[in-house]
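Peer 1: Dropping a prediction and its sequence here:
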Amino acid sequence: MAVTPCDKSCPETSGHGLTKEDKRRGLMYIKRIRRELCTRQLSSLRGEQAKLMNQLRRSNHVFEQVRLRIRLFGLEKRMQRIRERWL
């Protein structure tokens, strides 16, 4: 069964289309939700980052410092991916 795409978009019938104000409000709402989701996901990672930074400052062992820096690097990468996804 072959499906042929229609090149013409469906015309909006009166009463079914969104007004410019509705579209603007909807886009603003989506933007706000995306920012909130990003902030919510980053908040727990920021807490973990602060904890690791404190451990790094208190650490006197070179191997532990290297391990903590690797974890911090991975955490920063995760945070960057979240920012790219939501913002």
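Peer 2: On my side now, so go ahead.

Peer 1: what number of residues lie near the residue nearest to Arg83 when sequence neighbours are not counted?
Peer 2: Among residues not flanking Arg83 along the chain, Cys38 sits closest, at 6.4 Å (Cβ to Cβ, 6 or more residues apart in numbering). Where you see a C-beta, it was placed from the backbone N, CA and C, and this is true even at glycine. Neighbours of Cys38 under the rule other Cβ atoms under 10 Å: 17.

Peer 1: repeat for Glu64
Peer 2: Glu64: 13 surrounding residues under other Cβ under 10 Å.

Peer 1: Next one: it from Gln55, what distance?
Peer 2: According to Cβ to Cβ, to the nearest Å, Glu64 stands 8 Å off from Gln55.

Peer 1: buried stuff in the longest helix anywhere in the chain?
Peer 2: Scanning the chain for the longest helix, with DSSP state H as the assignment, gives helix 20-58. Residues Cys38, Leu42, Gln49, Leu52 are the ones in helix 20-58 that count as buried (16 or more other Cβ atoms under 10 Å).

Peer 1: Pull the most distant pair out of those.
Peer 2: The most widely separated members of those, counting by Cβ to Cβ, are Cys38 and Leu52 (20.7 Å).
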